[in-house]
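Student: Sharing a model prediction with you, sequence too.
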Amino acid sequence: MSSAIDRAFTVLECFGQQRKPLRLADVVSDVNLPKQSVHRIIKQLEGLGLLERDVHPEKFRLGHRMRQLGISTIVSLNQSLSTHAVLKELGDTFQETVNIGILEQNEVIYIDRVECDWPLRVQLNPGSRVKSHCTAIGKLLLAYLPESILDATLHNMTLEAYTPKTITDPELLLAECHKIKKQGYAENIGEDIVGLVALAVPIFDQRNNIIAGLAVHAPEARMSLTTMRKNIDNMKTTANKLQALLSLG
């Protein structure tokens, strides 16, 4: 039994290390196991929801159960590690809500979050999901997708309007994403909730790949985007600290 588990875990590790959808041949060459064995393991893992078919039918990627396990692990660890203390320090600087989020199937999942003490606030827990097309952190994470994936993603998303300022045209959202990547940060001006503003910056790994976003948001009546922009260097410094603490990449 342990040998079978070892082989299955080796296959899963291959997908985790490569960070991209893989063909059967890719896995075989990487794990040094017989093709027939790898094929059987992949089919079993697919049946368990640990792997799933990519948009390209001949490729596989990590499945929803693996993604949820990874998210749960990160959320759990962040509640006890010093990353939460670093996030709280930034929250104290702004006196507003700050959070870290990752992109998961066109939505943002908050993996850590520090709420402000004001009675007027949007209160969500780590693990909560928000839409990507109308939030600063979501647009930021979309903007750093590879161009071909970004274009396909935007044209297959349901761009629901939550306020009059929500971007619902894929071409306009694509242009917004290009602007975000060029300037290195994203903003939300009442696109998901009227009167709410937000600013987000990327957290990169050691290979300069974005792996999460760091954001602050507040009612515009309490803090303007101008004030947030003045503190963007603090956010970037915090993003660098989070990368180092988590040993990302």
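Tutor: Ah, there it is.

Student: Can you show me the helices along the chain?
Tutor: Under the criterion DSSP state H, helices of the chain are mapped to 2-18, 24-31, 35-47, 64-78, 82-94, 136-143, 147-156, 170-183, 225-230, 232-246.

Student: Which pLDDT value belongs to the one residue sitting closest to the centre of the chain?
Tutor: Centroid-nearest residue in the chain, with Cα atoms, centre = their mean: Ile102, separated by 1.6 Å. Per-residue pLDDT puts Ile102 at 86.

Student: And for Thr10?
Tutor: 80.

Student: same thing with Gly127?
Tutor: At Gly127, pLDDT is 62.

Student: same deal with His217?
Tutor: 91.

Student: In contact with it, which residues?
Tutor: When contacts are counted by Cβ atoms under 8 Å, 6 or more residues apart in numbering, His217 touches Glu96, Thr97, Asn99, Val122, Ala136, Asn188, Leu196, Val197, Ala198, Leu199. (Each C-beta comes from the backbone N, C-alpha and C, glycine too.)

Student: That one and Phe60, how far apart?
Tutor: 36 Å (Cβ to Cβ, to the nearest Å).

Student: Domain ranges for the chain, per the record?
Tutor: The record's domain parsing of the chain by automatic domain parsing lists 2-62, 68-246.

Student: Return the most buried member of these.
Tutor: domain 68-246 (a mean of 18; mean count of other Cβ atoms under 10 Å).

Student: Contact partners for Leu103?
Tutor: If you count contacts by Cβ under 8 Å, 6+ apart, Leu103 has them with Ile109, Ser132, Gly138, Leu141, Leu142, Leu145.

Student: min pLDDT across those residues, which one?
Tutor: Ile109 (87).

Student: Identify the bridge partners of it.
Tutor: Assessed by DSSP bridges, Ile109 has beta-bridge partners Ile102, Arg129.

Student: wait, it sits on Ile102?
Tutor: Yes - shown here, Ile109 and Ile102 form a contact pair, counting by Cβ atoms under 8 Å, at 5.6 Å.

Student: mind checking which helix or strand of the protein has the lowest mean pLDDT?
Tutor: None of the helices or strands of the chain scores lower by mean pLDDT, DSSP states H and E than helix 64-78, at a mean of 62.

Student: ok now do Glu191, which residues does it touch?
Tutor: Glu191 is in contact with Cys134, Thr135, Tyr162, Thr163, Lys165, Thr166, Ile167, counting by Cβ under 8 Å, 6+ apart.

Student: can you rerun that using 10 Å?
Tutor: 131, 133-136, 138-139, 161-167, 176, 197-198 (Cβ atoms under 10 Å, 6 or more residues apart in numbering).

Student: so what's the closest residue to it other than its chain neighbours up against?
Tutor: The shortest distance from Glu191 to any non-neighbouring residue, by Cβ to Cβ, 6 or more residues apart in numbering, is to Cys134 (4.2 Å). Cys134 sits next to 159-163, 165-168, 173, 188, 190-193 when contact means Cβ under 10 Å, 6+ apart.

Student: Kindly state the pLDDT recorded for Cys134?
Tutor: Confidence score, pLDDT, at Cys134: 95.

Student: Before we move on, what's the pLDDT of the nearest residue to Arg113 once chain neighbours are set aside?
Tutor: Once flanking residues are discounted, Arg113 sits nearest to Asn99: 4.0 Å by Cβ to Cβ, 6+ apart. Predicted confidence (pLDDT) for Asn99: 90.

Student: Flag the shaky bits of the chain, pLDDT-wise.
Tutor: Along the chain, the parts satisfying pLDDT under 70 run over 1-2, 18-19, 55-56, 64-65, 67-81, 117-127, 246-249.

Student: ok, the contacts of His217 vs Asp233, which is closest?
Tutor: Leu199 (12.0 Å; Cβ to Cβ).

Student: Across the sheet, point out what pairs with the closest one.
Tutor: Taking DSSP bridges as the rule, Leu199 bridges to Glu187, Val216.
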